[in-house]
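1. Take this sequence and fold it.
(2 chains)
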Number of protein chains: 2
Amino acid sequence: MNLLLLHPEQALSEGLWRLSDRQARHVCGVLKLSVGDTLRTGILNGGTGKAKIESIKNNGVEVFFNPDSEAADPLPLNLLLALPRPKMLKRILIDATSLGIKRIVLINSWKVDKSYWQTPNLKAEVLQEKMLLGLEQARDTHMPELTLAPRFKPFVEDALDGWAGDSRRLIAHPGDFPAMPSDLTDAVTLAIGPEGGWTDYEVEMLRDKGFACHSFGERILRVETALPALVGRVIRLP
Amino acid sequence: MNLLLLHPEQALSEGLWRLSDRQARHVCGVLKLSVGDTLRTGILNGGTGKAKIESIKNNGVEVFFNPDSEAADPLPLNLLLALPRPKMLKRILIDATSLGIKRIVLINSWKVDKSYWQTPNLKAEVLQEKMLLGLEQARDTHMPELTLAPRFKPFVEDALDGWAGDSRRLIAHPGDFPAMPSDLTDAVTLAIGPEGGWTDYEVEMLRDKGFACHSFGERILRVETALPALVGRVIRLP
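-> Residues are numbered from 1 along each chain as shown, chains lettered A, B, ... in the order given. Take a look at the predicted model:
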């Protein structure tokens, strides 16, 4: 936790906030802070700054906090990701969020096991909790907007254009394609397939929607490795 | 396992190889292959091709294999990595190997907990096993050369220059530095610090050895996220 991230509902009165149980345990147990100490803090979907610990009592921890800075700029990158296996989903969401991605679609693909759509990890509160961890890691405050697209074709045909807007659309796809470009000034929509890749039919549908296939080298990477590698490659750093 | 990777000691006679127990279980139990089926195969530190299953018996699986292709080219990137916490070390080694890195130094840093150097995960056979998994993932055969540097100063002063050669030397370091470059034609040595970063003293010592500090954005990433993101950024794709 590199940022104490407060939900607006945690506000008590002008500038005074009550920590959640998890936050209180972290502040007292891990960081071992005392009354008067300060720590980096942000408001969910709001500003950042330093909070000062006002009181630590049995019934909770209260801090004084008024944000004085903006959170980091969102990454101009939309992620269209074939639903990963449940075990990796949490990690991938934390990673994607900590990298600064703000718009994520988890989409079905022929090679996504149908059971993956039944996992309790897809409950809204689990997804939010993981993205919250990503924000806390990255000292960011703006929660990504996450969409589930359990049917590939309707999403690609009817919703993808509106969602991706006028971003540059890229697929990482093994084969004889130009190398994945780097350091792009344009906004990007990046499509990452499942283990085993998109089917030819899926690639054709994405190409019909303006996606271009690019190679990322000969090696086959796990999705959780490919995601940060591709994001780190294509973004323009501030 | 995207590649069946054979150790030279597994050779029985001209072109005939015996699988290890783990490989046999994977071929029969996961891939559910039968006699006559083929699968992608490589020889450790050698070539690749397709092996054909010759026999499946209670006492083991034998394949016929003669390599006919070269493994992927090594990534021209040396990794100088502050020793990660033991839980993440395995994952990071798999990732680094699957990305194609062939030269890794795990080095001490002020912020590396001393206990990390005592973990059984640092045993040679554990390290080799994890790198093997990375090779199998990436369909690569060449085992990385891994060096442990439990003392920062002697390694940097006496061994770093020889190890890094004439590669371009980069540190990912938060602060007001030029953006991490991308798509580099030069060979690169990339220094990645521990959670919490290198100390000023360590950065100064690395700068004395020709390393340049570069920023990778405002967000703080976990080492396991930063590694693929940085590697994906700096490498030139084939």
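
2. Where do the helices of chain A begin and end?
-> A:21-25, A:86-98, A:124-138, A:152-154, A:160-164, A:200-208, A:223-234 (DSSP state H).

3. Serialize these to JSON lines and add fields for mean neighbour count.
-> Heads up, the C-betas are built off the backbone N, CA and C, glycines and all. What follows is the helices of chain A, written out as JSON lines (neighbours: other C-beta atoms under 10 Å in any protein chain shown):
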{"stretch": "helix A:21-25", "mean neighbour count": "14"}
{"stretch": "helix A:86-98", "mean neighbour count": "21"}
{"stretch": "helix A:124-138", "mean neighbour count": "19"}
{"stretch": "helix A:152-154", "mean neighbour count": "14"}
{"stretch": "helix A:160-164", "mean neighbour count": "16"}
{"stretch": "helix A:200-208", "mean neighbour count": "15"}
{"stretch": "helix A:223-234", "mean neighbour count": "25"}
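
4. now the longest strand anywhere in chain A, how far from the centre of its chain.
-> When chain A is parsed with DSSP state E, its longest strand is strand A:48-57. Averaged C-alpha coordinates place strand A:48-57 at 27 Å from its chain's average position (C-alpha atoms, centre = their mean, to the nearest Å).

5. Give me the buried positions along it.
-> For strand A:48-57, the neighbour count (16 or more other C-beta atoms under 10 Å in any protein chain shown) marks A:T48, A:K50, A:A51, A:I53, A:E54, A:I56 as buried.

6. what's that strand packed up against?
-> Using 3 or more C-beta pairs under 8 Å, 6 or more residues apart in numbering or on different chains; DSSP states H and E as the contact test, the elements touching strand A:48-57 are strand A:38-43, strand A:60-64.

7. Compare these and report which one is nearest to B:A191.
-> strand A:38-43 (25.4 Å; C-beta to C-beta).

8. any idea how far A:G175 is from A:F216?
-> 11 Å (C-beta to C-beta, to the nearest Å).

9. swap that for A:L81, sorry
-> For A:L81 relative to A:F216 (C-beta to C-beta), the value is 15 Å.

10. ditto for A:L80
-> Taking C-beta to C-beta, one finds A:L80 at 16 Å from A:F216.

11. which of these two has more neighbours?
-> For the pair A:L80 and A:F216, the greater number of neighbours falls to A:L80 (26 against 21), based on other C-beta atoms under 10 Å in any protein chain shown.

12. Show me what the residue lying closest to that one once chain neighbours are set aside is bridged to.
-> Of all residues not flanking A:L80 in the chain, A:A191 sits nearest, at 4.3 Å (C-beta to C-beta, 6 or more residues apart in numbering or on different chains). Assessed by DSSP bridges, A:A191 has beta-bridge partners A:L80, A:I171.

13. returning to what we had before: can you lay out the helices and strands packed on strand A:48-57 as JSON lines showing distance to chain B?
-> Shown next, in JSON lines, are the helices and strands packed on strand A:48-57 (distance: least, C-beta to the nearest C-beta, whole Å):
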{"stretch": "strand A:38-43", "distance to chain B": "10"}
{"stretch": "strand A:60-64", "distance to chain B": "21"}
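
14. could you dump those to a markdown table with mean pLDDT and mean neighbour count?
-> Listed next are the helices and strands packed on strand A:48-57 as a markdown table, based on pLDDT from 0 to 100; neighbours: other C-beta atoms under 10 Å in any protein chain shown:
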| stretch | mean pLDDT | mean neighbour count |
| --- | --- | --- |
| strand A:38-43 | 97 | 20 |
| strand A:60-64 | 96 | 20 |
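
15. between those strands, which one is nearest to A:R139?
-> A:R139 lies closest to strand A:38-43 among the helices and strands packed on strand A:48-57, at 6.4 Å (C-beta to C-beta).

16. Give me the angle between the closest one and strand A:60-64.
-> Following axes from the mean of the first three to the mean of the last three C-alpha atoms, to 10 degrees, one obtains 90 degrees for the angle between strand A:38-43 and strand A:60-64.
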